[in-house]
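Peer 1: with the input below, show me the fold.
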Amino acid sequence: DSAEASPSVVFENIERCNSQCLQLLLENISGLTADADFTVELIPEINVAVATFIKNIDTEEFVKKCSQHKRVREFNMTARLLESTQSIKAENLPESISTDYLTVYFESARNGGGPVSDVQLFPEENSAIITFCDHKGNS
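Peer 2: I've put the predicted structure just below:
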């Protein structure tokens with residue numbers, strides 16, 4: 001069901017395409033504008049980028065267009081929808097952070113959150129795993 005498709009698309013094998021190159025490529029394929037219609041986050045540690053569409057588009061159709069696009073194929077990149085998850089990892093947290101604060105923060109609609117079912121703090125890493133009750137609160 002396209003209405004339920006993720007607004008985010010994962011691009012793998014991005015080493016031949018820097019952030020600006022990838023933004024231009026996605027503008028060419030989608031006809032949209034970076035920053036106004038979509039954002040791109042690079043995750044160089046795992047050779048991946050995530051494009052999140054602010055403008056409502058058929059991301060399944062966009063993934064198909066990407067996989068057929070000449071430049072995407074030349075760069076050996078792959079595109080797929082970002083699957084929903086019920087847990088996220090928050091990193092670089094202040095040492096004094098509490099599970100109560102994280103719960104309230106990630107339940108805030110203003111922050112794009114939703115009902116939280118569990119928070120596990122890892123003080124030695126200054127991180128936490130936040131688990132949501134459903135898929136809505138972790139875009």
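
Peer 1: can you give me the buried ones in the longest helix along the chain?
Peer 2: Determined from DSSP state H, the single longest helix within the chain is helix 19-30. Across helix 19-30, burial judged by 16 or more other Cβ atoms under 10 Å covers 22, 23, 25, 26, 29, 30. Where C-beta positions appear, they are placed from N, C-alpha and C, glycine not excepted.

Peer 1: next SSE after it?
Peer 2: strand 38-43 (DSSP states H and E).

Peer 1: ok and that next one relative to helix 19-30, angle-wise?
Peer 2: Here strand 38-43 runs at an angle of 140 degrees relative to helix 19-30 (axes from the mean of the first three to the mean of the last three Cα atoms, to 10 degrees).

Peer 1: beyond strand 38-43, next helix or strand please.
Peer 2: strand 48-53.

Peer 1: that following strand to helix 19-30, inter-axis angle?
Peer 2: Using the same axes, to 10 degrees: strand 48-53 against helix 19-30 is 50 degrees.

Peer 1: give me the sheet partners of strand 48-53 and which way each runs.
Peer 2: Applying DSSP bridges to the sheet, strand 48-53 is found paired with strand 8-12 (antiparallel), strand 38-43 (antiparallel).

Peer 1: tell me the most buried of the ones you listed?
Peer 2: Ranked by average neighbour count under the criterion mean count of other Cβ atoms under 10 Å, the strands paired with strand 48-53 are headed by strand 8-12 at a mean of 20.

Peer 1: gap between that one and the chain center?
Peer 2: 8 Å (Cα atoms, centre = their mean, to the nearest Å).

Peer 1: possible to save the buried residues of helix 19-30 as a markdown table with pLDDT?
Peer 2: A markdown table is the format used below for these (pLDDT from 0 to 100):
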| residue | pLDDT |
| --- | --- |
| 22 | 95 |
| 23 | 96 |
| 25 | 96 |
| 26 | 97 |
| 29 | 96 |
| 30 | 96 |
